[in-house]
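Colleague: kindly generate the corresponding structure for this input.
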Amino acid sequence: MSPSIASATDRPSITWRMSFRLALMVLTLLFLIVPHLLYRAIGRPSPMVMAFLNAAGWIAGLRIRTTGTRLRRDVLFVSNHVSWLDILALGGAARSAFVSKAEVGTTPLVGWLADQNHTVYVQRDARREIHNQANDLRNALARGRPVTLFPEGTTGPGDGLLPFRPSLLQAVIPTPPRLRVQPVFLDYGAAASDIAWLDPESGLDNFKRLLARKRPVHLTIHYLDPLPDAVEGDRKLLAEAARAAIAAEIVRSSAAAPHRL
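Modeller: Residues are numbered from 1 along each chain as shown. Below you'll find the predicted structure:
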């Protein structure tokens with residue numbers, strides 16, 4: 001049993017470290033919210049969103065390194081999904097917006113924060129809404145800013161991949177001329193199983209447990225080669241190619257770190 005699953009049966013108690021980190025996050029938000037609202041009032045993109053995500057990640061213990069070349073505009077990142085820390089990492093380091101389940105948008109405070117980062121909300125099981133949701137994603141990508149899609153549809157174990165859901169990739173079929181699809185592997189190393197948010201642990205319990213960690217969370221963001229034009233005409237081919245690229249990087253990373261095997 002992974003550490004995250006084992007700990008899910010025992011709700012994390014409130015510790016001084018958890019309380020201290022949460023207080024720092026709140027103070028950071030209060031410090032940045034006024035300049036953020038001023039930027040929004042004059043209709044300009046707010047750098048305070050990226051600043052908050054970077055600061056919140058650091059406070060939570062996140063320590064990030066990157067490999068590969070990150071595309072900065074006109075890109076859809078297709079990534080594995082392990083934890084809520086993924087949002088802080090890619091939102092801060094890659095300046096990315098996200099595709100997220102609709103429930104996030106209705107969560108107090110979390111929904112407001114997601115709105116500030118121009119999150120695209122989807123009803124993953126509402127097949128009748130797929131067309132409209134694809135249009136929402138297409139419109140978000142047309143603005144040029146990076147957007148991240150987690151095609152597993154939920155958080156996974158971090159050292160492997162769940163099946164990819166190709167439905168939302170229909171938004172980039174046919175792929176606009178300037179848009180590239182870049183696979184990303186979020187690599188938490190040997191700590192992946194402890195970081196992962198898996199059933200039956202609740203999101204709140206996972207949040208509290210990670211804030212209570214004594215050790216920092218080391219994350220390597222692997223920006224992989226953009227997918228070739230040959231797979232951009234079919235959403236299933238696109239999903240399979242992205243999953244294969246990330247799976248191959250998982251194998252390479254595991255081979256380079258024998259303690260993970």
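
Colleague: can you tell me the strand partners of the helix or strand where F77 lies and which way each runs?
Modeller: Secondary structure assignment for F77, by DSSP states H and E: strand 75-79. Strand 75-79 has its sheet partners listed here by DSSP bridges as strand 147-149 (parallel), strand 180-187 (parallel).

Colleague: contacting residues for A134?
Modeller: Contact analysis of A134 by Cβ atoms under 8 Å, 6 or more residues apart in numbering lists L168, Q170, A171. Using the backbone N, CA and C atoms, a C-beta is placed for each residue, glycine as well.

Colleague: low pLDDT regions in the stretch 1-150 of the chain?
Modeller: Applying pLDDT under 70 to the stretch 1-150 of the chain flags residues 1-12, 124-132.

Colleague: which residues in it form helices?
Modeller: If DSSP state H, counting those that start in this stretch is used as the criterion, the helices of the stretch 1-150 of the chain fall at 3-8, 16-41, 48-59, 85-93, 102-105, 110-116, 130-142.

Colleague: try the stretch 151-261 of the chain
Modeller: 192-195, 203-211, 235-256.

Colleague: any idea of the mean pLDDT for the longest one?
Modeller: Spelled out, that is helix 235-256. Across helix 235-256, the average pLDDT comes to 91.

Colleague: angle of the strand holding F77 against helix 130-142?
Modeller: 120 degrees (axes from the mean of the first three to the mean of the last three Cα atoms, to 10 degrees).

Colleague: report the angle between strand 75-79 and helix 235-256.
Modeller: Note on geometry: by the same axes, to 10 degrees, strand 75-79 and helix 235-256 are set 60 degrees apart in direction.

Colleague: ok, residues contacting strand 75-79?
Modeller: So strand 75-79 is in contact with 86, 90, 94, 96, 141, 146-151, 164, 169, 172, 179-186, 226, 239, 242, 246, going by Cβ under 8 Å, 6+ apart.

Colleague: nearest to R72, out of the strands paired with strand 75-79?
Modeller: Closest approach to R72 among the strands paired with strand 75-79 is made by strand 180-187 (10.5 Å; Cβ to Cβ).

Colleague: about what we covered before: winner for burial among the helices of the stretch 1-150 of the chain?
Modeller: helix 85-93 (a mean of 23; mean count of other Cβ atoms under 10 Å).

Colleague: who are the packing partners of it?
Modeller: On a contact count with 3 or more Cβ pairs under 8 Å, 6 or more residues apart in numbering; DSSP states H and E, helix 85-93 meets helix 48-59, strand 62-67, strand 75-79, strand 97-101, strand 180-187, strand 217-223.

Colleague: okay, the ones you listed, which one's buried deepest?
Modeller: Among those, strand 75-79 has the highest mean neighbour count (mean count of other Cβ under 10 Å), at a mean of 26.

Colleague: quick one on the thing from earlier: CA atoms only: put the strand holding F77 into CSV for me.
Modeller: These are the backbone C-alpha positions of strand 75-79, laid out as CSV (Å, rounded to 0.1, in the frame of the first residue of the first chain):
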residue,chain,number,x,y,z
VAL,A,75,1.0,25.6,-26.8
LEU,A,76,-1.2,22.9,-25.2
PHE,A,77,0.7,21.1,-22.5
VAL,A,78,-0.5,17.5,-22.1
SER,A,79,0.6,16.3,-18.7
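
Colleague: tilt between that strand and strand 217-223?
Modeller: 130 degrees.

Colleague: excluding chain neighbours, what is closest to L29?
Modeller: Excluding the flanking residues, the one nearest L29 by Cβ to Cβ, 6 or more residues apart in numbering is F52, at 6.2 Å.
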